[in-house]
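Visitor: below is the sequence, then the predicted model.
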Amino acid sequence: MFNGLTALGWGLVIFAISIGVGSVVLSKLGNSVGGDANTTVQYLLTQLGSSGLAGWAPAIIAVSVGMFIIGALAINTGGKQGRAY
């Protein structure tokens, strides 16, 4: 179970770094181009930030940890629940 949590942790770190690097690159791109492109880039940065994609991170963490706990409980019971032989 802890190996799975470690993999989940690395995935979340990579997710956060991707959002951070993407935000920096998009802001530099928008500043260099200007005009309508800058408006579009600023909108994309808003969608990547806490009101957009990054806002889902707590929900993703909660669901993932919940699934690991449910999986651990199913493994401890041997998966015999619900079988009608």
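Guide: Arrived safely. Residues are numbered from 1 along each chain as shown.
Visitor: what sits against Phe15?
Guide: Contact analysis of Phe15 by Cβ atoms under 8 Å, 6 or more residues apart in numbering lists Ala57. Bear in mind the C-beta positions are built from the backbone N, C-alpha and C, glycine included.
Visitor: list the buried residues in the one helix or strand it maps to.
Guide: Using DSSP states H and E, Phe15 sits within helix 2-33. Buried residues in helix 2-33, counted by 16 or more other Cβ atoms under 10 Å: 8, 19, 23, 26, 30.
Visitor: tabulate those (a markdown table), appending pLDDT and distance to Val41.
Guide: Output for the buried residues of helix 2-33, formatted as a markdown table (pLDDT from 0 to 100; distance: Cβ to Cβ, whole Å):
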| residue | pLDDT | distance to Val41 |
| --- | --- | --- |
| Leu8 | 76 | 31 |
| Ile19 | 77 | 15 |
| Ser23 | 77 | 10 |
| Leu26 | 77 | 5 |
| Gly30 | 75 | 3 |
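Visitor: so which of those is the closest to Leu53?
Guide: Using Cβ to Cβ, Ile19 is the member of those that sits closest to Leu53, with 6.6 Å.
Visitor: surely the closest one meets Trp56?
Guide: No - Ile19 lies out of contact with Trp56 (Cβ atoms under 8 Å); the separation is 10.7 Å.
Visitor: returning to what we had before: kindly indicate which of the buried residues of helix 2-33 lies nearest Gly66.
Guide: Taking Cβ to Cβ as the measure, Gly66 sits nearest to Leu8 out of the buried residues of helix 2-33, at 11.6 Å.
Visitor: residue contacts, the closest one?
Guide: Counting by Cβ under 8 Å, 6+ apart, Leu8 makes contact with 64-65, 68.
Visitor: residues contacting the most centrally placed residue in the chain?
Guide: Centroid check for the chain by Cα atoms, centre = their mean gives Ala57 as the closest residue, at 4.7 Å. Ala57 is in contact with 12, 15-16, counting by Cβ under 8 Å, 6+ apart.
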